[in-house]
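Asker: missing the sequence, but the structure's below:
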Ligand SMILES: O=P(O)(O)OC[C@H]1O[C@H](OP(=O)(O)OP(=O)(O)O)[C@H](O)[C@@H]1O
Ligand SMILES: Nc1nc2[nH]cnc2c(=O)[nH]1
(Lines give C-alpha, C1' and ligand atoms only; values in the text may rest on other atoms or scores of the structure.)
(Ligands and ions follow the chains in the order given, each with its own letter.)
Protein backbone atom coordinates (compact mmCIF):
# COMPACT_ATOMS: atom_id res chain seq x y z
CA UNK A 1 0.00 0.00 0.00
CA UNK A 2 1.50 3.33 -1.04
CA UNK A 3 -0.29 4.98 1.91
CA UNK A 4 2.14 3.25 4.28
CA UNK A 5 4.97 5.47 3.03
CA UNK A 6 3.09 8.70 3.85
CA UNK A 7 4.52 10.72 6.74
CA UNK A 8 1.69 13.25 6.93
CA UNK A 9 -1.29 14.24 4.79
CA UNK A 10 -0.73 17.97 4.12
CA UNK A 11 -3.69 18.83 1.85
CA UNK A 12 -6.84 16.70 1.65
CA UNK A 13 -8.72 15.86 -1.54
CA UNK A 14 -11.60 18.12 -0.46
CA UNK A 15 -9.25 21.07 0.08
CA UNK A 16 -7.66 20.44 -3.33
CA UNK A 17 -11.07 20.42 -5.02
CA UNK A 18 -11.98 23.72 -3.32
CA UNK A 19 -8.66 25.26 -4.36
CA UNK A 20 -9.18 24.25 -8.01
CA UNK A 21 -12.63 25.87 -7.95
CA UNK A 22 -11.20 29.08 -6.47
CA UNK A 23 -8.26 29.26 -8.91
CA UNK A 24 -10.45 28.34 -11.89
CA UNK A 25 -12.88 31.17 -11.09
CA UNK A 26 -10.03 33.71 -10.74
CA UNK A 27 -8.35 32.60 -13.98
CA UNK A 28 -11.69 32.72 -15.85
CA UNK A 29 -12.20 36.32 -14.69
CA UNK A 30 -8.63 37.46 -15.37
CA UNK A 31 -8.36 35.97 -18.88
CA UNK A 32 -11.86 36.81 -20.11
CA UNK A 33 -11.64 37.87 -23.79
CA UNK A 34 -8.00 36.76 -24.12
CA UNK A 35 -6.51 34.01 -26.28
CA UNK A 36 -5.59 31.63 -23.43
CA UNK A 37 -3.39 28.53 -23.70
CA UNK A 38 -2.92 26.32 -20.63
CA UNK A 39 0.47 24.62 -20.74
CA UNK A 40 0.68 21.71 -18.30
CA UNK A 41 4.16 20.57 -17.35
CA UNK A 42 4.32 16.78 -17.39
CA UNK A 43 4.26 14.65 -15.56
CA UNK A 44 3.68 16.23 -12.18
CA UNK A 45 0.96 18.68 -13.21
CA UNK A 46 -1.32 16.12 -14.82
CA UNK A 47 -3.78 15.71 -11.92
CA UNK A 48 -3.85 19.43 -11.09
CA UNK A 49 -4.30 20.31 -14.78
CA UNK A 50 -7.21 17.87 -15.11
CA UNK A 51 -9.02 19.23 -12.07
CA UNK A 52 -8.23 22.90 -12.74
CA UNK A 53 -9.27 22.99 -16.41
CA UNK A 54 -12.75 21.74 -15.52
CA UNK A 55 -13.17 24.84 -13.35
CA UNK A 56 -12.18 27.28 -16.12
CA UNK A 57 -15.28 28.61 -17.85
CA UNK A 58 -13.73 30.58 -20.75
CA UNK A 59 -12.43 29.12 -24.05
CA UNK A 60 -8.82 27.90 -23.89
CA UNK A 61 -6.35 25.59 -25.59
CA UNK A 62 -4.70 22.76 -23.67
CA UNK A 63 -1.04 21.96 -24.33
CA UNK A 64 1.60 19.92 -22.55
CA UNK A 65 5.35 20.06 -22.29
CA UNK A 66 7.56 17.57 -20.53
CA UNK A 67 10.70 18.81 -18.86
CA UNK A 68 12.88 17.20 -16.23
CA UNK A 69 15.69 18.15 -13.94
CA UNK A 70 15.27 15.68 -11.11
CA UNK A 71 16.07 12.38 -12.82
CA UNK A 72 14.77 9.53 -10.68
CA UNK A 73 15.59 10.76 -7.18
CA UNK A 74 15.13 13.61 -4.71
CA UNK A 75 17.97 15.92 -5.82
CA UNK A 76 17.81 18.24 -8.85
CA UNK A 77 20.54 17.77 -11.45
CA UNK A 78 20.46 21.56 -11.99
CA UNK A 79 20.00 21.08 -15.74
CA UNK A 80 16.52 21.38 -17.28
CA UNK A 81 15.86 19.19 -20.30
CA UNK A 82 12.87 19.47 -22.67
CA UNK A 83 11.61 15.95 -23.39
CA UNK A 84 8.41 17.06 -25.13
CA UNK A 85 7.85 20.47 -26.70
CA UNK A 86 4.63 22.36 -27.51
CA UNK A 87 2.56 21.14 -30.46
CA UNK A 88 1.16 24.54 -31.45
CA UNK A 89 2.41 27.96 -32.51
CA UNK A 90 1.98 30.25 -29.49
CA UNK A 91 2.77 33.54 -31.22
CA UNK A 92 0.51 36.23 -29.74
CA UNK A 93 -1.15 33.84 -27.26
CA UNK A 94 -1.50 34.29 -23.50
CA UNK A 95 0.26 31.38 -21.86
CA UNK A 96 -0.68 30.10 -18.43
CA UNK A 97 1.89 27.55 -17.27
CA UNK A 98 0.26 24.95 -15.01
CA UNK A 99 2.77 23.51 -12.53
CA UNK A 100 2.42 21.21 -9.56
CA UNK A 101 5.29 22.45 -7.40
CA UNK A 102 7.92 25.17 -7.39
CA UNK A 103 11.02 24.42 -5.36
CA UNK A 104 14.30 26.08 -6.43
CA UNK A 105 12.45 27.83 -9.31
CA UNK A 106 14.96 26.51 -11.84
CA UNK A 107 12.37 24.67 -13.98
CA UNK A 108 9.95 27.61 -14.17
CA UNK A 109 12.60 30.26 -14.86
CA UNK A 110 13.97 28.10 -17.67
CA UNK A 111 10.45 27.57 -19.08
CA UNK A 112 9.47 31.25 -18.94
CA UNK A 113 12.64 32.23 -20.81
CA UNK A 114 12.06 29.49 -23.35
CA UNK A 115 8.40 30.42 -23.98
CA UNK A 116 9.37 34.07 -24.44
CA UNK A 117 11.54 32.99 -27.37
CA UNK A 118 8.45 31.35 -28.91
CA UNK A 119 6.62 34.69 -29.22
CA UNK A 120 3.96 34.45 -26.49
CA UNK A 121 2.08 37.72 -25.81
CA UNK A 122 2.11 37.05 -22.07
CA UNK A 123 3.31 34.33 -19.72
CA UNK A 124 1.70 33.66 -16.35
CA UNK A 125 2.12 30.79 -13.94
CA UNK A 126 -0.36 28.90 -11.79
CA UNK A 127 1.43 26.66 -9.32
CA UNK A 128 -0.40 24.46 -6.83
CA UNK A 129 2.40 24.17 -4.28
CA UNK A 130 5.17 26.57 -3.35
CA UNK A 131 8.21 25.50 -1.32
CA UNK A 132 9.14 29.13 -0.82
CA UNK A 133 12.08 28.66 1.53
CA UNK A 134 13.96 26.65 -1.13
CA UNK A 135 13.85 29.31 -3.87
CA UNK A 136 17.15 30.14 -5.58
CA UNK A 137 15.73 31.48 -8.89
CA UNK A 138 13.36 34.37 -8.23
CA UNK A 139 10.34 33.97 -10.45
CA UNK A 140 6.96 35.76 -10.26
CA UNK A 141 4.14 33.24 -9.81
CA UNK A 142 0.72 34.73 -10.64
CA UNK A 143 -1.41 32.18 -8.77
CA UNK A 144 -0.22 29.98 -5.89
CA UNK A 145 -2.38 27.30 -4.31
CA UNK A 146 -0.55 26.59 -1.06
CA UNK A 147 2.82 27.11 0.57
CA UNK A 148 4.32 23.80 1.68
CA UNK A 149 7.15 23.05 4.10
CA UNK A 150 10.62 21.95 2.98
CA UNK A 151 9.80 18.26 3.07
CA UNK A 152 9.73 15.75 0.24
CA UNK A 153 6.24 16.14 -1.22
CA UNK A 154 4.28 13.38 -2.97
CA UNK A 155 0.76 12.74 -4.24
CA UNK A 156 -1.80 14.44 -6.52
CA UNK A 157 0.53 13.90 -9.51
CA UNK A 158 3.80 14.43 -7.64
CA UNK A 159 6.21 11.51 -7.45
CA UNK A 160 9.18 10.07 -5.74
CA UNK A 161 11.07 7.81 -8.18
CA UNK A 162 7.91 7.73 -10.36
CA UNK A 163 5.73 6.36 -7.54
CA UNK A 164 2.95 7.97 -5.45
CA UNK A 165 1.54 10.15 -8.29
CA UNK A 166 -1.80 8.35 -7.83
CA UNK A 167 -2.27 9.32 -4.17
CA UNK A 168 -5.43 11.49 -4.20
CA UNK A 169 -4.03 14.03 -1.69
CA UNK A 170 -0.77 15.94 -1.11
CA UNK A 171 1.49 14.43 1.53
CA UNK A 172 5.03 14.36 2.83
CA UNK A 173 7.09 11.21 2.29
CA UNK A 174 8.70 9.33 5.17
CA UNK A 175 12.42 10.19 5.31
CA UNK A 176 13.48 6.54 5.42
CA UNK A 177 12.08 6.04 1.89
CA UNK A 178 14.20 8.68 0.15
CA UNK A 179 17.24 8.51 2.40
CA UNK A 180 17.75 4.78 1.74
O1 LIG B 1 11.61 24.46 -8.83
P2 LIG B 1 12.41 23.26 -9.21
O3 LIG B 1 13.52 22.99 -8.21
O4 LIG B 1 12.92 23.28 -10.61
O5 LIG B 1 11.47 21.99 -9.03
C6 LIG B 1 10.17 21.90 -9.54
C7 LIG B 1 10.04 20.87 -10.63
O8 LIG B 1 10.32 19.55 -10.13
C9 LIG B 1 9.26 18.69 -10.47
O10 LIG B 1 9.43 18.10 -11.72
P11 LIG B 1 10.32 16.82 -12.04
O12 LIG B 1 11.59 17.27 -12.74
O13 LIG B 1 10.49 16.00 -10.78
O14 LIG B 1 9.44 16.03 -13.13
P15 LIG B 1 7.97 15.39 -13.04
O16 LIG B 1 6.99 16.55 -13.10
O17 LIG B 1 7.86 14.54 -14.28
O18 LIG B 1 7.85 14.59 -11.78
C19 LIG B 1 8.05 19.62 -10.52
O20 LIG B 1 7.02 19.08 -11.30
C21 LIG B 1 8.61 20.87 -11.11
O22 LIG B 1 8.57 20.85 -12.53
N1 LIG C 1 8.26 14.88 -5.82
C2 LIG C 1 8.81 16.04 -5.59
N3 LIG C 1 9.38 16.67 -6.61
C4 LIG C 1 9.93 17.86 -6.33
N5 LIG C 1 10.57 18.69 -7.15
C6 LIG C 1 10.94 19.73 -6.42
N7 LIG C 1 10.57 19.57 -5.14
C8 LIG C 1 9.93 18.41 -5.07
C9 LIG C 1 9.32 17.68 -4.00
O10 LIG C 1 9.27 18.05 -2.83
N11 LIG C 1 8.76 16.51 -4.34
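Answerer: In hand now; what should we look at? Worth saying up front: this structure is predicted, and the values here are computed from it rather than measured. Ligands and ions are numbered 1, 2, ... in the order given.
Asker: just give the nearest non-adjacent residue to residue 27, would you?
Answerer: Excluding the flanking residues, the one nearest residue 27 by Cβ to Cβ, 6 or more residues apart in numbering is residue 56, at 5.6 Å. Just so you know, the C-beta spots here come from the backbone N, C-alpha and C atoms, and that holds for glycine as well.
Asker: can the helix or strand hosting residue 113 be found next to ligand 1?
Answerer: Element membership for residue 113, per DSSP states H and E: helix 106-117. Yes: part of helix 106-117 sits near ligand 1 under the criterion Cβ under 6 Å from any ligand atom, namely 106-107.
Asker: enumerate the positions of that helix that are buried.
Answerer: 106-112, 114-115 (16 or more other Cβ atoms under 10 Å).
Asker: and it, what other elements does it pack with?
Answerer: strand 36-42, strand 60-68, strand 94-102, strand 122-130 (3 or more Cβ pairs under 8 Å, 6 or more residues apart in numbering; DSSP states H and E).
Asker: thinking again about what came up before, between the buried residues of helix 106-117, which is nearest residue 133?
Answerer: Within these, the smallest distance to residue 133 is 15.2 Å, found for residue 106 (Cβ to Cβ).
Asker: not counting its neighbours along the chain, what's nearest the closest one?
Answerer: residue 137 (5.4 Å).
Asker: roughly how far does that neighbour sit from ligand 1?
Answerer: 7 Å (Cβ to the nearest ligand atom, to the nearest Å).
Asker: one more: residue 128?
Answerer: Distance from residue 128 to ligand 1, by Cβ to the nearest ligand atom: 10 Å.
Asker: thought residue 101 was touching that residue, still the case?
Answerer: Yes: here residue 128 reaches residue 101: they are 6.8 Å apart, a contact under Cβ atoms under 8 Å.
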